[in-house]
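**Student:** Just a sequence and a predicted model for now, questions to come.
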Amino acid sequence: MTETQRLRNFNQSQTRVPQVRGANLGVLATLTLAMLLTPFLRGQDQQDQSQAFTLKVNSDLVLTNVVVRDKKTGQVVKGLSQKDFTITENGKPQQIVSFDFESVDEAAALNEATISGQAGSKSGNSILLGKSPVMTGDALRDHRLVVLFFDLTSMQPEDIERAQDAARNYVNKQMQAADVVAVASLDTSLSLDQDFTQDKSLLLKAVNSYSGDQTQGFAPGSTSTTNQVEDTTAYTADESEYNDINTDRELYAIAAIAKSLNYINQKKALLYFSGGISRDGIENQASLRSAINAAVRSNMSIYSVDARGLQAISPLGDASTGSLRGTSGYNGAGLQNNLDANFNSQEVMANLSSDTGGKAFFDSNDFAPAFQRMQQDMSAYYVIGFRSADARRDGSYRRLSIKINRSDVKLEYRPGYYAPADYKHSNKEDRERQLDDQLASDLPATDVSVYLQALYFRLDDFHYSVPISILVPGSQIPFVKGGDRDKATLDVIGEVKDAAGRVIGNARDTVKLAIDQSQQVRQRNIQYSTSFTLPAGKFHLKFVVRENETGRMGSFETDINVPDLRKAPVKLSSVVLASQRVPAGKKTDNPLIHDGQEVVPNLPHVFRQNQHLYFLYEIYNPAKATATVTEQPAADNGAAKKSKNSKDTATTPVRVFTSIEFLSNGLKVYETPLVQATQLNVPTRDAIAFQFDVPLTDLKPGLYTCQVNVIDDAGGSFSFPRMALLIREGAPATPTPATTTGTSPSGR
């Protein structure tokens, strides 16, 4: 968006509401209200409504796979039609809208050696980032899509070797012509090591690339209920929270793979090699449901394989633990603890398999049956699709029952799925995950309009304060009436990344609004402010705003450049334009606060004639003038020498001149009086802060180019930054009701 376009789309006059303090980094967060240009926006809305019509329809197609086998022989029964099946959801019959039969015996040859898993992906945020020829879903018909997923964070080196041997055996001996295989892994991050392909050499290369040292730093932490710790003291550190984070990482990885394959309707299989996943009560319930739901919606079955194989569980633990104290090693308590820990590490894997239509393989050193069962389940199956008659988006679990009008067959299918959940039915963990997912997403959220501005002020030679202002139109926030006030809640989350993509700063805040109804908040803007302390360099900034009534979100991201002012002839900060100054506390490290007044930045640079335009900028380390010393007579030669070498700042002042010009159509129409500074007024930052108050009454409405003239006369350097602004006709004065409290009338 250009500067002119931004100016045409906004107008604001701000009033002050109470401050809130950011939850992270101890940053100061300021919340303000801004009056919109009501006639302009109202006319724009009417024009948009007359020219555009949007129809939104939510339709969730539920797909489930059904394998029909003969009860006596176990062979797949073919030749069935849609009329032979009946499907119910929570006991209520559902209408089948799609029906298909897939068989690998009818697989067509693929000419491409490698297939991109990103084919058809709309999000662009797929874990399958193949740079290979793209195949559509129709070309993959009657093929097995198999993902070999190695959870390196949970496996010991010997477990990885066993999983690699099983994968190599499958590729060399068990892989069939209809199999299309991809290889993915999780260590420090989730990565695609080989996209879908039928080339065995490429698959073997990916499988052989893993080594035991990739698991370092992700070993499960000890807990107070297990013997798998060195018992050297009477106290056992409980690292359950660390384990919870590891479990969430593993489950999120499975969900990411499932979402990457969501656009392909065919059945998919995930061979999940893991050393066990431990869940602590309900702490990981949200991430487990998310992974299962993503797999079900993607029509992906998970075949979990415990890479630890058959284990001999001893009451004393394995060789990595110290000796037990007390009598637990003799009365069975130690053995029971170890058995419980082993069972808990397999429970999540079993749930992943059973709830997605796959199967779990535990306590066996032979992993070949897992591949055989996967191939058997995907050799021939029916795909049935229906649209649920239950339109509620409550996130509840819905049980499926499929029947057939024959008694000599048995059916295999997944038992149910989780219904979509809207914002009102999501829990706290789901809502937090939604914010994190949107913050990490490559696609912006556009349900709520968000606008952002970043400024910079120098703190010292190497650090800069970067104030961030975020603006949301009040018309897009659904306020709820509570008494004589309009109430709403906003969640704000943001992060700053350096040039290498590392997160070096973050912000998280929940803002509660309670505004007098007389202020007509829906015709104003909500402005939120925070700040970061950054070094000089290039950074990527992203913020996400969510209103907590309907859960709609909006995001804004941009690249910002914090210049290294040590190399600049005139060390000039950002130039702040504002239409409002509000009383502030005694916080002195905020560069927007001077003389007990805080300048509220005006993001769109749109002002009214009946407002004042405030400028604020700082000059750092201005050059000092050279003192001129007159030679004294010989009798007073010593005193003259002393005066010549004196470094008194009174005889070596700074000399900086500045003024502001307003240009219209290339002609100067107004200029402020020239201001001269001869000393620092912000000594803590070695800075001169300039503030201007320009009444706009005498300026005609229209677009202007504003030029700030800065001349360092002592240093012989200068700077003339320019910016655009828009002046509109003054709004008529509105009398403030007697019941208004806490803020002053707007439009001053």
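**Tutor:** Ah, there it is. Numbers count the residues shown, from 1 in each chain.
**Student:** so where do the helices sit in the chain?
**Tutor:** 3-9, 38-51, 157-169, 200-207, 240-260, 285-297, 328-331, 333-356, 368-377, 428-440, 637-644 (DSSP state H).
**Student:** Model confidence at residue 552, what's the number?
**Tutor:** The score at residue 552 is 90. That number is its pLDDT.
**Student:** For residue 559, which residues count as its bridge partners?
**Tutor:** residue 540 (DSSP bridges).
**Student:** my bad, should have said residue 85
**Tutor:** In beta-bridge terms (that is, DSSP bridges), residue 85 pairs with residue 404.
**Student:** Thought residue 691 was touching residue 614, still the case?
**Tutor:** Yes: counting by CB atoms under 8 Å, residue 614 touches residue 691, with 7.0 Å between them. Where you see a C-beta, it was placed from the backbone N, CA and C, and this is true even at glycine.
**Student:** So for these two, which sits in the more crowded spot?
**Tutor:** Neighbour tally, residue 614 and residue 691, criterion other CB atoms under 10 Å: the higher count belongs to residue 614, 20 against 17.
**Student:** For the more buried one, give the beta-bridge partners.
**Tutor:** Where residue 614 sits in a bridge, its partners, by DSSP bridges, are residue 578, residue 693.
**Student:** what residues are up against it?
**Tutor:** 576, 577, 578, 579, 580, 581, 599, 691, 692, 693, 694 (CB atoms under 8 Å, 6 or more residues apart in numbering).
**Student:** just the buried members of those?
**Tutor:** The neighbour count (16 or more other CB atoms under 10 Å) marks 576, 577, 578, 579, 580, 581, 599, 691, 692, 694 as buried among the contacts of residue 614.
**Student:** so where is this structure shaky, pLDDT-wise?
**Tutor:** 1-59, 105-141, 212-242, 280-282, 312-336, 517-523, 586-588, 625-652, 731-748 (pLDDT under 70).
**Student:** In space, not sequence, find me the middle residue of it.
**Tutor:** residue 439 (1.3 Å; CA atoms, centre = their mean).
**Student:** from what I can see that one touches residue 496, true?
**Tutor:** No: between residue 439 and residue 496 there is no contact under CB under 8 Å: 11.7 Å.
**Student:** Just give the nearest non-adjacent residue to residue 505, would you?
**Tutor:** The spatially closest residue to residue 505, leaving aside those adjacent along the chain, is residue 496, at 4.1 Å (CB to CB, 6 or more residues apart in numbering).
**Student:** give the contact list for that neighbour.
**Tutor:** Residue 496 touches 503, 504, 505, 506, 532, 534, 539, 540, 541, counting by CB under 8 Å, 6+ apart.
**Student:** what's the spacing between it and residue 510?
**Tutor:** Going from residue 496 to residue 510 by CB to CB, to the nearest Å gives 20 Å.
**Student:** what residues are shared contacts of residue 614 and residue 691?
**Tutor:** residue 599.
**Student:** so who does residue 63 touch?
**Tutor:** Residue 63 neighbours (CB under 8 Å, 6+ apart): 98, 265, 299, 383, 384, 385.
**Student:** cutoff 6 Å now
**Tutor:** Going by CB atoms under 6 Å, 6 or more residues apart in numbering, residue 63 touches 299, 385.
**Student:** go on, residue 423?
**Tutor:** Counted by CB under 6 Å, 6+ apart, residue 423 has contacts 550, 551.
**Student:** what does the one 5 residues further on give?
**Tutor:** Applying CB under 6 Å, 6+ apart, we find residue 428 in contact with no residue.
**Student:** Can you give me the distance of it to residue 435?
**Tutor:** 11 Å.
**Student:** can you tell me the distance between the two ends of stretch 62-77?
**Tutor:** One end of stretch 62-77 to the other measures 23 Å (CA to CA, to the nearest Å).
**Student:** buried ones in that stretch?
**Tutor:** In stretch 62-77, counting by 16+ other CB under 10 Å, buried: 62, 63, 64, 65, 66, 67, 68, 69, 76, 77.
**Student:** The third one pairs with what?
**Tutor:** The partner list for residue 64 in beta bridges (DSSP bridges) reads residue 384.
**Student:** Please apply the same query to residue 709.
**Tutor:** residue 659.
**Student:** Just confirm it contacts residue 657, I think it does.
**Tutor:** No: between residue 709 and residue 657 there is no contact under CB atoms under 6 Å: 7.7 Å.
**Student:** neighbours of residue 358, just the number please.
**Tutor:** 24.
**Student:** Use 47 as the first number for this chain going forward.
**Tutor:** All right, first residue 47 from here; so that's residue 404.
**Student:** Apart from its neighbours in sequence, what residue is nearest it?
**Tutor:** Per CB to CB, 6+ apart, closest to residue 404 is residue 347, 3.9 Å.
**Student:** For that neighbour, give me its contacts.
**Tutor:** Residue 347 touches 315, 402, 403, 404, counting by CB under 6 Å, 6+ apart.
**Student:** which one among these gets closest to residue 131?
**Tutor:** Residue 131 has its nearest neighbour among those in residue 403, at 16.3 Å by CB to CB.
**Student:** So for that closest one, what's the nearest residue that isn't a sequence neighbour?
**Tutor:** residue 460 (3.7 Å).
**Student:** Count the residues that sit near residue 608.
**Tutor:** Neighbourhood size, residue 608 [other CB under 10 Å]: 20.
**Student:** just to revisit the earlier point, what separation do you get for the residue nearest to residue 404 and residue 309?
**Tutor:** Residue 347 is 17 Å from residue 309, by CB to CB.
**Student:** all strands of the stretch 97-246 of the chain, in order?
**Tutor:** 107-116, 131-135, 138-140, 142-149, 190-197, 225-232, 236-243 (DSSP state E, counting those that start in this stretch).
**Student:** oh, I was asking about the stretch 497-646 of the chain
**Tutor:** Using DSSP E, counting those that start in this stretch, strands in the stretch 497-646 of the chain cover 497-500, 503-504, 510-519, 526-528, 531-543, 549-562, 570-580, 583-593, 599-608, 617-618, 622-629, 639-640, 643-647.
**Student:** For the fourth one, list every residue counted as buried.
**Tutor:** For strand 526-528, the neighbour count (16+ other CB under 10 Å) marks no residue as buried.
**Student:** Run through who's touching it.
**Tutor:** Residues contacting strand 526-528 (CB under 6 Å, 6+ apart): residue 533.
**Student:** Paired strands for it, with orientation please.
**Tutor:** In its sheet, and by DSSP bridges, strand 526-528 pairs with strand 531-543 (antiparallel).
**Student:** now swap in the second one and tell me
**Tutor:** In the sheet containing strand 503-504, the strands it pairs with under DSSP bridges are strand 510-519 (antiparallel).
**Student:** And the longest one, by the same measure?
**Tutor:** Strand 549-562 has the following strand partners under DSSP bridges: strand 531-543 (antiparallel).
**Student:** Just want the angle from the strand it pairs with to strand 583-593.
**Tutor:** 150 degrees (axes from the mean of the first three to the mean of the last three CA atoms, to 10 degrees).
**Student:** For strand 531-543, list every residue counted as buried.
**Tutor:** Buried-residue list, strand 531-543, by 16+ other CB under 10 Å: 531, 532, 534, 536, 537, 538, 539, 540, 541, 542, 543.
**Student:** same question, stretch 400-415
**Tutor:** 400, 401, 402, 403, 404, 405, 406, 407, 408, 413.
**Student:** what's the most distant pair in the residues you listed?
**Tutor:** Counting by CB to CB, the most remote pair of the buried residues of stretch 400-415 is 401 and 413, 21.6 Å apart.
**Student:** on that earlier part again, so what sits opposite the residue nearest to residue 404 in the bridge?
**Tutor:** Going by DSSP bridges, residue 347 forms beta bridges with residue 315.
**Student:** rewinding a little: could I get the buried residues of strand 531-543 as JSON lines with distance to residue 711?
**Tutor:** Formatted as JSON lines, those follow (distance: CB to CB, whole Å):
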{"residue": "531", "distance to residue 711": "46"}
{"residue": "532", "distance to residue 711": "43"}
{"residue": "534", "distance to residue 711": "43"}
{"residue": "536", "distance to residue 711": "41"}
{"residue": "537", "distance to residue 711": "45"}
{"residue": "538", "distance to residue 711": "40"}
{"residue": "539", "distance to residue 711": "44"}
{"residue": "540", "distance to residue 711": "39"}
{"residue": "541", "distance to residue 711": "42"}
{"residue": "542", "distance to residue 711": "39"}
{"residue": "543", "distance to residue 711": "41"}
